[in-house]
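K.L.:
I'll drop the sequence and a predicted model, then ask my questions.
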Amino acid sequence: MNKQIKIFLATFFLSMLLISSAATAQEIAKPDSGKSEMKKMNCSKDNQNSEGTMKCKKSAEQATTSEVDVDGIDKNKDSKVFQCQMNYEVILDNPGVDPKCGMKLEEVSLEKAKENLISYGYKVK
């Protein structure tokens, strides 16, 4: 084989090796889109509510022992708050996202927020 062909083949195989390594590294670094968190939270597509929002049940050890003061969160007294539908203890008086999971908070009535907390093992003031 002549020298130019050997150089071309060596360059080609090195390039292929680098491309393969980069693709593997991307797959390893790629987040699992919350699948492991969903598994820990006992989430599944079977737990969707009528709006298609995923419902996740917290296990007993994940539920908090302290009380959540939902009424105290409602600073503007409009009887509505914004609650994460994955981490029910994350409640704000204004729109936002859950700092734990990044989900957009859903507007709910105070009563619905309390029901959600109680049904997932939280204590409510």
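P.N.:
Arrived safely, thanks for sending. The model shown is predicted, which means the values in this text are computed figures rather than measured ones.
K.L.:
any weak-confidence spans in the protein?
P.N.:
1, 21-65 (pLDDT under 70).
K.L.:
the helices in it, which residues?
P.N.:
Assigned helices in the chain, in chain order: 3-29, 35-40, 70-73, 110-119 (criterion: DSSP state H).
K.L.:
could you export the last one as PDB, CA atoms only?
P.N.:
Extracted as PDB, the C-alpha positions of helix 110-119 are listed here (Å, rounded to 0.1, in the frame of the first residue of the first chain):
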ATOM      1  CA  LEU A 110     -56.900  26.500  48.300                       C
ATOM      2  CA  GLU A 111     -59.200  23.600  48.900                       C
ATOM      3  CA  LYS A 112     -57.800  21.600  46.000                       C
ATOM      4  CA  ALA A 113     -54.200  22.300  47.200                       C
ATOM      5  CA  LYS A 114     -55.200  21.000  50.700                       C
ATOM      6  CA  GLU A 115     -56.800  17.900  49.200                       C
ATOM      7  CA  ASN A 116     -53.700  17.100  47.100                       C
ATOM      8  CA  LEU A 117     -51.500  17.500  50.200                       C
ATOM      9  CA  ILE A 118     -53.700  15.300  52.400                       C
ATOM     10  CA  SER A 119     -54.100  12.600  49.700                       C
END
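K.L.:
now that helix: buried residues?
P.N.:
Under the neighbour-count criterion of 16 or more other CB atoms under 10 Å, helix 110-119 has Leu110, Ala113, Lys114, Asn116, Leu117 buried. Any C-beta I mention is one placed from the backbone N, CA and C, and that applies to glycine too.
K.L.:
no further queries at this time; thank you.
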